[in-house]
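[1] Give the three-dimensional model of this entry:
(one chain, ligands or ions: 1)
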Amino acid sequence: MCGIVGYTGPRQAYPIILKGLKRLEYRGYDSSGVALLHEGKLNVYKKKGKVSELEEAMIGKDVVGHLAIGHTRWATHGEPSDRNAHPHTSANGKIAMIHNGIIENYALIKQDLLKKGYTFTSDTDTEVLLNFIEDIQKNNDCTIEEALRIALKRVTGAYCILLIEESNPETIIAARKGSPLVIGIGKGEHFLASDASPIIEYTKEVVYVNDYELAIVKPDELILKNLGNEKITPYITKLDMDLAAIEKGGYEHFMLKEIFEQPSTIFDCLRGRLYAKEGLIKMSGIDENIEHLINANRIMIVACGTSWHAGLVAEYIIEELCRIPVEVEYASEFRYRNPIINKGDVIIAISQSGETADTLVALEKAKENGAFIFGVVNAVGSSIARISNAGAYTHSGPEIGVASTKAFTGQLAVLIMMALSIAKHKKSISDERYSSLLNELEQIPEKVEAILKNSENIKEISEKYKNASDFLFLGRGYNFPIALEGALKLKEISYIHAEGYPAAEMKHGPIALVDENLPVVFIATKDPYHEKIVSNMQEIKARKGKIISIVNEDDMISRELSNDFFSIPITDEITAPLLTVIPLQLMSYYVGISKGIDVDKPRNLAKSVTVE
Ligand code: M6R
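    Model (predicted):
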C-alpha cells in the first residue's frame, strides 16, 4: 500500500528514486511523485497514474539534487489525482513529506488546523499530518525532528513517513509504525525504501526500522531514536536477495514469471527441510517448538486473501493428519470480534508480504492473550515474521505480481511439512502414510514442471471462455479452497465475476445461475469421493452449463463429461492442491492478458495491504 523511496548522498538522486518507484510500483499505482532538494530549494513533481506517466511528465524538468524522496500511491484518503499525489508540501512550503499508511484521527486535527487558518490543497490525511507538524514546530520553536516526535505521539493509525525540509539540505527524517521501512547503508550514502528492492543494487547492508522509531538519515550518518528521543543502536543485516529475482527475466509479466518459477520455488522451499529417503523433515522453527505444537489444544489460522485460502487447505490437512482442531479466520474479522484465545493456543499466521495490516494487528491481539504465534511468511525480516514466536519462511523469493501465485504454493509446501512433522511427533500418522506423503511432496516440483509444459492447452481454453461474464469454480475436500483461489485469481486479474463453492453446496443456491453461458470449472482430481464430484458434473451438464475440468491423466469419465479439460499428473489428495492451482493461475493470467489488462497491476489493488 504505497511505496516510498528516499536517497541522500553524493549521487544524483532522481534516477535512483525513479528506478526505486518502478520497483515499488506493485505497492500502489494510482499516482506518483518526487521531491528533490537542491541548493536550498524544494522541487516537487507529481502525477496521477503509473510511474511511467510521472517519468514522461518529468522530461525537461529540473531534476538535479543529491537528496530526494519519492512515492507511488494506493489511494486511501482522496481520489487518485495530481493534487492528492505525494509528496505533499507544508503550508509554508518548506517541508515535503511522503506517507504510507492512514492517520485515523486526521479529521479532528484538521478541524483544529482549519480554525487556525490553515488551508489544504489535497483531500489527504498526509497533508493534515504535515501541517500539524509545521504548526507544532512554529508554536514550540523547535526542530522538525522534535515537532515530528510530538506529532506522532498524538496521531493514531499507521505510517511510514519520510520528510525533508529546505533548511536541512542533507537530511531525511523517517518514522514508522505499522508500515515497513528499510534503510540501505552505502559508503557515504543512504537509501530508504518500503522494501529492499530499490536498494539491492547499491548495497546489501540494511537496517529494518521498527515501529515507533525515528531515523535521522544523512549521507554519512544514520541515527535511530525512539519517540522518547533515546538513541537506539541500528541492527545491520545482510540482504539475501539478488537483482535477477526482482526483474522480469524475459517474461512479459512478473505474474507469468512467478507462475513459471514454481518448480524451483517449491524445490527451494523443500530443500534442506525434506529428506524423503531418510523419512525426515527438518525445520528449525518446528523442531525447536515441537512441544508447543503437539500439545496445542487448538490451532487458529489467521490470514487474508490467497494466504487465507492456504490456511483453509491447512485446516483440512492438519485435522486429518494431526487430529488437532483447527479454525481458520479472516484476520480482519478476528481482530475486531472478541475471539476466545486461551494460553497455549497456537496461532498460525500466513502472509506473503508479512506486512498485511489486518493480520499484523490480529497477531498483536492474540499475542497479548498469551497465544503462541507461528508465522508462515515469505518476506524475510517483515513485521509478521518479527512478531512471531517462531516460524518458517516459504523461500519463494520476491513476489511482485499483485496476484499471489508462487507464494501460495510455498505456503502450501510449508504447511504440509508442518502438518507431517507434527503428526509424526504426535504419532497420529502411520509410518507408511508418512513416507508416502514425503515421497509425493518431493515429486511435486517436477509434476508442476510437467503442468507448465502444457500451458498452451490452458491458453486455448482461456481464449474460448474469455468473454464469459461469470464463472463458477467448484471443488471438494482439499480442492475446495482451490476453487476459492481460482475464483479470486480470475476476479483480480480479468475483472470477471467468479465464485468458488464446495461442489456439492452448489445445489443449495448457485445452481440457479447455471445456463448455457456459464463456464463451471471443476477441480476434480481423484480422491476417495471422486464419484461425488462426477455426480455434480452431471448436474451441471443436465442444465447445459459449460464444464471445464482439471482432472487426472487417467480420468476418462470426467473428461467425457467436460466441454474442455486439462490433465494433471496424479498425486496424493493432500498434495493435490499444489498441482490443481497451477492451471487456474495460468487461466486467470491468459484471460487477463487477452482482455488487455495489466495483470501485474490490476485496477484498485495493491500487493501489500498495509491499511485496514
Ligand atoms: O501478503 P499477504 O499474503 O498477507 O496478503 C494477503 C492478501 O492481500 C493477498 O493474498 C491478496 O489476496 C492477493 N492479491 C491475492 O492474489
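
[2] Could I get the average pLDDT for stretch 394-412?
    Mean pLDDT, stretch 394-412: 96.

[3] is that stretch anywhere near the ligand?
    Yes: contact of stretch 394-412 with the ligand (CB under 6 Å from any ligand atom) involves 402-404. Every C-beta, even on glycine, is put in place using the N, C-alpha and C of the backbone.

[4] any weak-confidence spans in the stretch 201-350 of the chain?
    Scanning the stretch 201-350 of the chain with the threshold set as pLDDT under 70 gives no residue ranges.

[5] need the contact list for S494.
    466, 588, 591-592, 595, 597 (CB atoms under 8 Å, 6 or more residues apart in numbering).

[6] ok, these vs N139, which is closest?
    I597 (49.8 Å; CB to CB).

[7] All the strands of the stretch 501-612 of the chain, in order from the start?
    519-523, 546-552, 564-568 (DSSP state E, counting those that start in this stretch).

[8] so which residue of the chain comes closest to the ligand?
    Going by CB to the nearest ligand atom, the ligand is nearest to G305 of the chain, at 2.0 Å.

[9] on that earlier part again, please indicate which of the contacts of S494 has the highest neighbour count?
    Using other CB atoms under 10 Å as the neighbour test, the contacts of S494 are led by S588, with 29 neighbours.

[10] That one and L490: what is the separation?
    5 Å (CB to CB, to the nearest Å).

[11] now N536
    20 Å.

[12] Look at the two and report which has more neighbours.
    Legend: neighbour count by other CB under 10 Å for N536 and L490, higher for L490 (29 against 26).

[13] quick one: low-confidence ranges for the stretch 501-612 of the chain?
    Looking at the stretch 501-612 of the chain by pLDDT under 70, you get an empty list.

[14] Could you report the distance from the residue nearest to K41 when sequence neighbours are not counted to T89?
    The shortest distance from K41 to any non-neighbouring residue, by CB to CB, 6 or more residues apart in numbering, is to E166 (6.8 Å). Taking CB to CB as the measure, E166 and T89 are separated by 10 Å.

[15] what's the overlap in contacts for the two?
    The contact sets of E166 and T89 overlap at 42, 95 (CB under 8 Å, 6+ apart).

[16] Of those two, which one has the most company?
    T89 (19 against 15).

[17] Got the domain ranges for this protein?
    3-245, 248-453, 454-612 (automatic domain parsing).

[18] What is the end-to-end distance of the first one?
    What that stands for is domain 3-245. 18 Å (CA to CA, to the nearest Å).

[19] what pairs with L42 across the strands?
    L37 (DSSP bridges).

[20] Report the contact partners of it.
    Residues counted as contacts of L42 (CB under 8 Å, 6+ apart) are 35-36, 89, 93-94, 96, 164, 166.

[21] residues near the nearest residue to F566 once chain neighbours are set aside, how many?
    Spatial nearest neighbour of F566, chain neighbours left out: P583 (4.8 Å); criterion: CB to CB, 6+ apart. When counting by other CB under 10 Å, one arrives at 25 neighbours for P583.

[22] coming back round to it: which ones among the contacts of S494 map onto helices?
    588, 591-592 (DSSP state H).

[23] got the residues of the stretch 301-450 of the chain near the ligand?
    Residues of the stretch 301-450 of the chain lying near the ligand (CB under 6 Å from any ligand atom): 304-307, 351-353, 356, 359, 402-404.

[24] Can you flag which of these belong to strands?
    Among those, the members found in strands (DSSP state E) are S351.

[25] Please tabulate the residues of the stretch 301-450 of the chain next to the ligand in JSON lines, including the columns distance to A542 and neighbour count.
    What follows is these, written out as JSON lines (distance: CB to CB, whole Å; neighbours: other CB atoms under 10 Å):
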{"residue": "C304", "distance to A542": "37", "neighbour count": "23"}
{"residue": "G305", "distance to A542": "34", "neighbour count": "23"}
{"residue": "T306", "distance to A542": "33", "neighbour count": "24"}
{"residue": "S307", "distance to A542": "37", "neighbour count": "25"}
{"residue": "S351", "distance to A542": "42", "neighbour count": "35"}
{"residue": "Q352", "distance to A542": "40", "neighbour count": "31"}
{"residue": "S353", "distance to A542": "44", "neighbour count": "28"}
{"residue": "T356", "distance to A542": "42", "neighbour count": "29"}
{"residue": "T359", "distance to A542": "42", "neighbour count": "31"}
{"residue": "V402", "distance to A542": "38", "neighbour count": "21"}
{"residue": "A403", "distance to A542": "34", "neighbour count": "29"}
{"residue": "S404", "distance to A542": "36", "neighbour count": "28"}
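
[26] Check the residues of the stretch 301-450 of the chain next to the ligand and tell me the two furthest apart.
    Of all pairs in those, the most separated under CB to CB is T359 and A403 at 18.1 Å.

[27] Give me the most central residue, the chain.
    Taking CA atoms, centre = their mean, the centroid of the chain lies closest to S353, which sits 3.8 Å from it.

[28] Skipping adjacent residues, who's closest to it in space?
    Using CB to CB, 6+ apart, the nearest residue to S353 is S608, at 4.2 Å.

[29] What distance do you get for that neighbour to P180?
    With CB to CB as the criterion, S608 and P180 are 8 Å apart.

[30] So between those two, which is more surrounded?
    Neighbours were counted for S608 and for P180 using other CB under 10 Å; S608 has more, 28 against 25.

[31] got the contact list for that one?
    Counting by CB under 8 Å, 6+ apart, S608 touches 1, 26-27, 180, 194, 353, 355-356.

[32] ok, of the contacts of S494, which one's closest to D554?
    Once CB to CB is applied, the member of those that ends up nearest D554 is S588, at 26.6 Å.

[33] Who's the closest spatial neighbour of the closest one, skipping the chain neighbours?
    Spatial nearest neighbour of S588, chain neighbours left out: K489 (3.8 Å); criterion: CB to CB, 6+ apart.
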